[in-house]
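Asks: sequence plus predicted model, see below.
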Amino acid sequence: MKAIELRDVEVAFHERGREVRAVRGVSLNVEQGEVFGIVGFSGAGKSTLVRTINLLERPTAGRVLIDGKDITDARGAALRGIRRSIGMVFQGFNLVGNITVGANIRFALKAGGWDLEHWAGRTEELLRLVGLNDKATSYPADLSGGQQQRVAIARALANNPRILLCDEATSALDVETTEGILDLLRDINRTLHITIVFITHQLDIAKRIFDHVAVMEEGRVVEQGATFDVFSAPQHPTTTALVSRYLDVALPEQIAPDLPEGTLVELKYRGDAAFEPLITDIARTYDASISVLHANIEYFGTRPIGVLVVLVAGEARRTGEALARLRSRVLGYRVLTRAGKDDRR
Amino acid sequence: MNETWTILQENLPQALADTAYMVVVSGVVGVALGSAIGFGLFLTGNRLFHPNRVVNDIVGFVVNAIRSLPFLIVLVVLIPVAQWLTGDPYTPTGGAISLAIAAIPFFARIAEGAFSEVDHGLLEASQATGASTWHILWGVMLPQALPSLVRGIVLTVISLIGFSAMVGAIGAGGIGDMAIQYGYNRYDTGVLVAIVVILVVLVQVIQWIGDRIAARLTH
């Protein structure tokens, strides 16, 4: 069941007399109950694209379907009804600063047409869900960034939405706070069965919670699929650049000159395939010495991608054969130069 | 000196009451209608709500046109209107009409500015909850803009006290009228000094109260 379907969505606006095409013909499907990620460098059009889902940004062309229903032309009361079923969380939290946390949540309850008698109970329930039971009478400025984002999540969930949109929801937070927010979102996704669309430029978020991912570049989706597949075997240069920035190993420059003779290679492989036996095997076959200088495994969801930096040494011709064999068995192969700068192949 | 004291005792309470009446009536009308017009200017000028260049330009032009006239001119131009509305323009009620007409566009720009200061992302987030524009006005924009609006009201009231003296100068009563009649026409420096002191104290007190309220509303 498709929760969200975008068909050839275009968004263009005029800025100082120039036409800016922020989104250029994007089509994608988000399945009911999944966490769908949109990644890309800043300026790729991610924020604009996600805003077409609740029509904060109206597409200049194309259609937006929610649960199979075309909402592209919804206006007035119908549009407000649709927006109540789609929560949204922002990078900057966007809480009303001059009213209390409780009042911020009641604002959404009133928008959702809740009866006055249920406000207090529902507010308490939402704050408990996000772990802020005792903060109803605090003002947003008295809370930490992570707590403010929790309030924003409670507000977004007030009207029992089926979809939650997160626009760089953790980008203003430190690493630990981000973990907490991601755990909360994962919980919400699993226990309340809310479909989440999360946009970010941070790959460590992508690998933690995304089921599927779309990579955006200059208003287009250049690659999409299951998160592990996209990131373990990137096809498009933008994806490669995003993954490299995240996974690449830079050896400290001072140790490089001290290394013995040989070729320094960085290898990326799917960590669910046993890899170490292969290295031993190749070393034996080609009579080369292969020493591991660095090993790392990153989990994308439950599936691992391994990164190894190895030093291959031995007789020149046989070493070449060993490298060729290694290269044929890995996802990513890169020769590192001694100065620490790399030579992409 | 005794004469000054007598003049003050006999005329000051009424003059103060007339000034207060003119400032309060024109202030209430100016703030109420000015807020509404300011909100309209904000809505028609904002991409998130009801952008309408034509309406925004027309209303903006009218507001600017009235604001470009010195108050004395507004006052004189409106004498026939005040006459028609109240029967006698040279009364506090007649004076309050021209003060209100001046206060409306003045406060409209203040209100528009206060609403425009409300964070764009916050308005977007409010719309994303499915709230109506009316609900966003009361639930988000008003709490956020209130400190600025209160400072704007203080500014308006202080300007109106100043303008009310001009209304007094054409004989509509109030503290300005008294200053002209006794202080200027009869060379009673004592009356002038007393009125100057009262005005300075009054403005300081209003500013102080306004600042306190604005600070209390900001979190």
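Replies: Okay, I see it.

Asks: what segments of chain A are helices?
Replies: With DSSP state H, the ranges of helices along chain A come out as A:46-53, A:76-84, A:101-111, A:116-129, A:145-157, A:175-191, A:203-209, A:227-232, A:237-247, A:276-285, A:316-329.

Asks: residues of the stretch 51-200 of chain A that sit close to chain B?
Replies: A:54, A:56, A:80-84, A:86-88, A:90, A:92, A:94-99, A:107-108, A:110-112, A:139-141, A:152, A:155-156, A:158-159, A:165 (C-beta under 8 Å from any C-beta of the partner chain). Any C-beta I mention is one placed from the backbone N, CA and C, and that applies to glycine too.

Asks: buried subset of those residues?
Replies: A:54, A:56, A:80, A:82-84, A:86-88, A:90, A:92, A:94-99, A:107-108, A:110-112, A:139-140, A:152, A:155-156, A:158-159, A:165 (16 or more other C-beta atoms under 10 Å in any protein chain shown).

Asks: okay if I get the helices of chain A as CSV plus distance to residue B:42 and mean pLDDT?
Replies: Formatted as CSV, the helices of chain A follow (distance: least, C-beta to C-beta, whole Å; pLDDT from 0 to 100):
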stretch, distance to residue B:42, mean pLDDT
helix A:46-53, 21, 96
helix A:76-84, 20, 95
helix A:101-111, 19, 97
helix A:116-129, 28, 96
helix A:145-157, 23, 97
helix A:175-191, 33, 94
helix A:203-209, 36, 85
helix A:227-232, 43, 87
helix A:237-247, 40, 82
helix A:276-285, 66, 85
helix A:316-329, 62, 88
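
Asks: turn the ones you listed into JSON lines, including distance to residue B:144.
Replies: JSON lines is the format used below for those (distance: least, C-beta to C-beta, whole Å):
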{"stretch": "helix A:46-53", "distance to residue B:144": "22"}
{"stretch": "helix A:76-84", "distance to residue B:144": "20"}
{"stretch": "helix A:101-111", "distance to residue B:144": "12"}
{"stretch": "helix A:116-129", "distance to residue B:144": "20"}
{"stretch": "helix A:145-157", "distance to residue B:144": "15"}
{"stretch": "helix A:175-191", "distance to residue B:144": "25"}
{"stretch": "helix A:203-209", "distance to residue B:144": "30"}
{"stretch": "helix A:227-232", "distance to residue B:144": "39"}
{"stretch": "helix A:237-247", "distance to residue B:144": "37"}
{"stretch": "helix A:276-285", "distance to residue B:144": "60"}
{"stretch": "helix A:316-329", "distance to residue B:144": "60"}
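
Asks: how about the residue nearest in space to the middle of chain B: what's its closest non-neighbour residue?
Replies: Residue closest to the average C-alpha location in chain B (C-alpha atoms, centre = their mean): residue B:156, at 3.6 Å. Excluding the flanking residues, the one nearest residue B:156 by C-beta to C-beta, 6 or more residues apart in numbering or on different chains is residue B:107, at 5.3 Å.

Asks: list the contacts of the one you found.
Replies: Contacts for residue B:107 (C-beta atoms under 8 Å, 6 or more residues apart in numbering or on different chains) come out as B:30-31, B:33-35, B:38, B:152-153, B:156.

Asks: how about a cut-off of 10 Å?
Replies: Going by C-beta atoms under 10 Å, 6 or more residues apart in numbering or on different chains, residue B:107 touches B:27, B:29-38, B:114, B:149, B:152-153, B:155-156, B:159.

Asks: next one: residue B:122
Replies: A:90, A:92-97, B:136, B:140-141, B:144.

Asks: just for chain B, where's the confidence low?
Replies: B:1 (pLDDT under 70).

Asks: now the helices for it?
Replies: Under DSSP H, chain B gives helices at B:2-45, B:53-68, B:71-77, B:79-86, B:92-116, B:120-128, B:133-136, B:142-169, B:175-178, B:189-217.

Asks: dump those into JSON lines; add distance to residue A:47 as well.
Replies: As requested, the helices of chain B are exported to JSON lines (distance: least, C-beta to C-beta, whole Å):
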{"stretch": "helix B:2-45", "distance to residue A:47": "23"}
{"stretch": "helix B:53-68", "distance to residue A:47": "26"}
{"stretch": "helix B:71-77", "distance to residue A:47": "47"}
{"stretch": "helix B:79-86", "distance to residue A:47": "52"}
{"stretch": "helix B:92-116", "distance to residue A:47": "22"}
{"stretch": "helix B:120-128", "distance to residue A:47": "11"}
{"stretch": "helix B:133-136", "distance to residue A:47": "21"}
{"stretch": "helix B:142-169", "distance to residue A:47": "23"}
{"stretch": "helix B:175-178", "distance to residue A:47": "56"}
{"stretch": "helix B:189-217", "distance to residue A:47": "32"}
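
Asks: okay, those helices, which one's buried deepest?
Replies: Most buried of these, by mean neighbour count (mean count of other C-beta atoms under 10 Å in any protein chain shown): helix B:175-178, with a mean of 26.

Asks: number of residues surrounding residue A:71?
Replies: Neighbour count for residue A:71, taken as other C-beta atoms under 10 Å in any protein chain shown: 19.

Asks: cool, the one 4 residues further on as well?
Replies: For residue A:75, the neighbour count with other C-beta under 10 Å is 9.

Asks: give me the nearest residue to whichever residue of the stretch 101-250 of chain A sits closest to chain B, chain neighbours excluded.
Replies: At 3.7 Å from chain B, residue A:111 is the closest residue in the stretch 101-250 of chain A, using C-beta to the nearest C-beta. Nearest residue to residue A:111, sequence neighbours excluded (C-beta to C-beta, 6+ apart): residue B:131, at 3.7 Å.

Asks: now do the contacts for the one you found.
Replies: Counting by C-beta under 10 Å, 6+ apart, residue B:131 touches A:80, A:83-84, A:107-108, A:110-112, B:125, B:137-140.

Asks: quick check: buried residues in stretch A:233-249?
Replies: Buried residues in stretch A:233-249 (16+ other C-beta under 10 Å): A:233-234, A:238-240, A:242-244, A:247, A:249.

Asks: save the residues you listed as a markdown table, and put in distance to residue B:70 too.
Replies: Formatted as a markdown table, the buried residues of stretch A:233-249 follow (distance: C-beta to C-beta, whole Å):
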| residue | distance to residue B:70 |
| --- | --- |
| A:233 | 75 |
| A:234 | 69 |
| A:238 | 61 |
| A:239 | 66 |
| A:240 | 68 |
| A:242 | 62 |
| A:243 | 68 |
| A:244 | 67 |
| A:247 | 70 |
| A:249 | 73 |
